[in-house]
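[1] sequence and predicted model, in that order:
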Number of protein chains: 2
Amino acid sequence: MTEAAAEPARAGRRGRGGGGAARRAERTAVSVETAKYIQRKIPNFEILDEAALDIIQANAEQILEEIGVAFVDNPAALERWKAAGADVNGERVRIPKGLARKLCETAPSTFTQHARNPERNVEIGGKNLVLAPVYGPPFVRDAAGGRRYATIADFQKFVKLGYMSKWLHHSGGTVCEPTDVPVNKRHLDMLLAHMTLSDKPFMGSVTEPERAQDSIEMCEILFGKEFVADNTVMVNLININSPMTFDATMMGALEVYAAHNQACIISPFIVGGAMAPVSVAGTLTQVFAEVLAGVAYSQLIRAGAPVIMGAFVTSIDMNSGAPTFGTPEAAHITYGAGQLARRMGLPYRSAGSFCGSKLPDAQAAYETANSLNMGLLAGVNFMLHSCGWLEGGLVASFEKFVMDADQLGTLHHLAKGVEMDENAQALDAIREVGPGGHYLGCAHTQANFKTAFWRSDLFDYKPFETWDEEGARDTQALASIRVQKMVDTYVQPPLDPEIHAALTAYVEAKKASMPDSFM
Amino acid sequence: MTEAAAEPARAGRRGRGGGGAARRAERTAVSVETAKYIQRKIPNFEILDEAALDIIQANAEQILEEIGVAFVDNPAALERWKAAGADVNGERVRIPKGLARKLCETAPSTFTQHARNPERNVEIGGKNLVLAPVYGPPFVRDAAGGRRYATIADFQKFVKLGYMSKWLHHSGGTVCEPTDVPVNKRHLDMLLAHMTLSDKPFMGSVTEPERAQDSIEMCEILFGKEFVADNTVMVNLININSPMTFDATMMGALEVYAAHNQACIISPFIVGGAMAPVSVAGTLTQVFAEVLAGVAYSQLIRAGAPVIMGAFVTSIDMNSGAPTFGTPEAAHITYGAGQLARRMGLPYRSAGSFCGSKLPDAQAAYETANSLNMGLLAGVNFMLHSCGWLEGGLVASFEKFVMDADQLGTLHHLAKGVEMDENAQALDAIREVGPGGHYLGCAHTQANFKTAFWRSDLFDYKPFETWDEEGARDTQALASIRVQKMVDTYVQPPLDPEIHAALTAYVEAKKASMPDSFM
């Protein structure tokens, strides 16, 4: 690796050397605007009082000491816990009160995730909110093709849409499962797509420790080895197998990433009433116990490794057993978990474009809007699944991706808070117009209207007659058009051709080194 | 009027005397469950700090003193203002700093609106939230019939749906404009529908002072003259003609209602950038000035008359001039106006199922959910338009009415806050299940699952295959079915036949007393 390649700021510039196509690409790519990650100027919504937080924290520590957590098939983890002062019995790790919290103290409260385009770097923690797309669906859906298994072509299309989405700060990870690629090689194609089709930050593979290692090696090609050694270039989703079980695969990936100072979201995955108690307070208690244990373990691997406290929690329909989304109980938990994260000084991941609906219809939008609004006010710092989620996460929807991505603009504007300077007070405008007048033409309106109000780039704001003449289209139909338009105008962001070639060679060599596996 | 009729608690019981049909009706009607109005156990979201509130209040009082407000075609109002100490010049009323606030002090911070069924009484103010349906659309829409002018039959159907909607506490007012009835007689048919087809509280007519008087007279028949003299039985929507103009029609209605101790919502109706400055702080300032003047005037009519501070504020799409809904700027204003209302100790009306969409689709639902969630957290006490609003308020949608009414359940559950008793802490459940287990069968889940999670009565929670086999219906299709089912199972709540006959006779006599007018 040359020094230049180790400095990602120059990766784009060096792309200019790639000839006419690269130059044209760079010129056009400038028009793809990405908003800066959200920096909240509004308060968080605090649903719990200090007494309630104290009870939850005390109960969580009681659970860790009395019941403990299981680290399965992971003798090295048990040794680490023993050395740290935990009571280890078989695979059960009982953590004395105070120990987990103490270990968590070395985790940073905020950290930078670098993108290959440094303008896309994100600061995770504090009052910030970084938005990333849906993660994990095995199916995709669009109006034209219906519901079908996802392919790598679908994956690449989502990465392009994400790159072109103004309010999306992050390219995400498994935006859909490319089921046409062998399971043991998918991560290579997915990372290659994030690295070459977008210049936003992205996520690494967590499905095997070896794939985490591959992710780091590909980042070393993209960013330079020295840069990766010194900086966080990936955020990785480590799910806890709730209740209170840490499996060897996920912990293996965490061990690789934490050792390399790469960030992990340590996240219980809970359907309330199944993987946690049916009550909000009980679920918060278990979530907090699990996160304390998981974050503490990350710090045993490497003190100071960046981590995010995660809480994926949804309710259940006790009639059918189906998980339900955008519900009040999920909101309570999301608000409460945010307060617990702030108490620990940890960045917080939760909420998303959650819905149970099979279609990008009104149900999907009510449920999604409930969750997005709650996520903003809950103080979430990293919102995975912020667009594209459909059918309980089984489906990534192209139309819903652009609908949600458009709505993310409302979160940016909400977070700005209320300006109170003299221009905003507008006393002169009120004087100018007076009783019975109107403001459309007044000087204050002329000076401010362009930035005054958020405006959807997708929704219908036309007069009824125009809308009717144009086919009386619903939101899904408008979104289908927008998806196609974005795909048609997509231009790949510039990348040093040498780096691109090295990434491709790495992927090809890795793929050739092992037989296909679909398990 | 007999004494019994003056006591609304007995109106239902007396209905038993009406024979077999009335008895059957009463039996069946019991199954129509209505939730109690929301009593929040969660904090309000406070977007402005005290310094910002001080600035807005000072500026609002500055406006009232320096610019003043216009009371048009209303010499009596000008006399009242003069007597109260205002500076009156032509129709312009300049109110010295402090005077309006002082006059507002006699307005109650909370009051009871009585329903003919006392179980449906609502307490407006404090931490409460009362939900009422859409108000004012000249059109209706459903999937079968499309968009068309509303009729009295549509109106009656909406009143029935509202009566049967569990999460709706209020029957509302002009749920749609019955355009097939002469303008000067509509209010009679509308009130008759609210009084006889529902037993929830309702709103009076404000389109002429005489119609306000008719509304009171009809209430005197329904509740008894003495009861109406002593109690508030109507809430009435008095819009301010922003900026800062109080027209004679609306003020005439207010004068009638306030004199009779009936409640008025005193509400600026603002499309930001047109009727108020294009900035949030400027709009809040004007809204506050207008409400201060309007509420003060209500107290000049009758000190102690119940009033609600209203704020109907939406943003504008500066490209098309269309009002836009569920936007971040509308949220800022709604949050801020709530803080101003609390500062004044006044009940607060704002938010609703607002959307600009032509269809009950994803756009409609995103925009609506944004507004409903904001309304709950903004501390709204009376939410008009909480269900059924479509196309910027031009259309009342049958499907959207039941969709929104279902979503209002989420507000009820959100408002409950988080229980922290021992059962909710669920430590025994966590002990019982332990790492790697599941909670579906545990004792705590069995004891609590029925009430643990809110559940939609409308949305699709079925497995994909079942949903697909049943026709892959979207939310609108499910809502159409629900509308029909509700209409088919509707049973009129019991009402003393004498009262019913007296109301009908009053309406017939009034109608016969004047020629039809469609102006």
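    Looks like it arrived, so ask away. Numbers count the residues shown, from 1 in each chain, chains lettered A, B, ... in the order given.
[2] element containing A:Ala58, please.
    Secondary structure assigned from DSSP states H and E places A:Ala58 in helix A:50-66.
[3] mind listing what the residue of the stretch 251-400 of chain A found nearest chain B touches?
    Checking the stretch 251-400 of chain A residue by residue against chain B with Cβ to the nearest Cβ singles out A:Gly282 as nearest, at 2.8 Å. Placement of C-beta: from N, CA and C, glycine included. For A:Gly282, the contact set (Cβ atoms under 8 Å, 6 or more residues apart in numbering or on different chains) comprises A:276, B:424-427, B:429-430, B:444.
[4] ok, A:Gly98 next?
    A:Glu61.
[5] what's the closest non-adjacent residue to the single nearest residue of the stretch 401-519 of chain A relative to chain B?
    Going by Cβ to the nearest Cβ, chain B is nearest to A:Ala426 of the stretch 401-519 of chain A, at 2.8 Å. Spatial nearest neighbour of A:Ala426, excluding adjacent residues (Cβ to Cβ, 6 or more residues apart in numbering or on different chains): B:Gly282 at 2.8 Å.
[6] for A:Ala84, same thing?
    With Cβ to Cβ, 6+ apart, the residue lying closest to A:Ala84 is A:Leu300, at 5.7 Å.
[7] please apply the same query to A:Leu503.
    Per Cβ to Cβ, 6+ apart, closest to A:Leu503 is A:Ile221, 5.4 Å.
[8] what's the helix or strand for the one you found?
    Using DSSP H and E, A:Ile221 falls in helix A:209-223.
[9] measure the residue nearest to A:Leu503 to A:Ala58 for me?
    With distances taken as Cβ to Cβ, to the nearest Å, A:Ile221 is found 48 Å from A:Ala58.
[10] cool, A:Ser165 as well?
    Using Cβ to Cβ, A:Ser165 is found at 43 Å from A:Ala58.
[11] of these two, who's got more company?
    Neighbour count, other Cβ atoms under 10 Å in any protein chain shown: between A:Ser165 and A:Ala58, A:Ser165 has more, with 29 against 13.
[12] can you pull the contacts of the more buried one?
    A:34, A:387, A:401-402, A:405, A:408.
[13] also A:Leu53?
    A:339-340, A:343.
[14] could you pick out which of those residues are near chain B?
    Contacts with chain B are made by none of the contacts of A:Leu53, judged by Cβ under 8 Å from any Cβ of the partner chain.
[15] which of these fall within helices?
    Counted as lying in helices by DSSP state H, out of those, are A:339-340, A:343.
[16] mind putting those residues into CSV with pLDDT?
    Converted to CSV, the ones in helices among the contacts of A:Leu53 look like this (pLDDT from 0 to 100):
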residue, pLDDT
A:Gln339, 98
A:Leu340, 98
A:Arg343, 97
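[17] ok, of these, which one's closest to B:Lys510?
    Closest approach to B:Lys510 among the ones in helices among the contacts of A:Leu53 (Cβ to Cβ): A:Gln339, at 58.2 Å.
[18] disregarding residues adjacent in the polypeptide, which is nearest to A:Met218?
    A:Leu191 (5.1 Å).
[19] now swap in A:Ser517 and tell me
    A:Asn184 (4.3 Å).
[20] tell me if I'm right that A:Thr482 and A:Leu458 touch.
    Actually, residue A:482 is Arg rather than Thr. Yes - when contacts are counted by Cβ atoms under 8 Å, A:Arg482 is listed as touching A:Leu458 (5.8 Å).
[21] chain center to the helix holding A:Ala58: distance?
    28 Å (Cα atoms, centre = their mean, to the nearest Å).
[22] returning to that earlier point: mind giving me the packing neighbours of the helix holding A:Ile221?
    Packing partners of helix A:209-223 (3 or more Cβ pairs under 8 Å, 6 or more residues apart in numbering or on different chains; DSSP states H and E): helix A:186-197, helix A:225-230, strand A:234-240, helix A:248-259, helix A:497-512.
[23] ok, stretch A:377-384 near chain B or not?
    Yes - Stretch A:377-384 lies within reach of chain B by Cβ under 8 Å from any Cβ, at A:Leu377.
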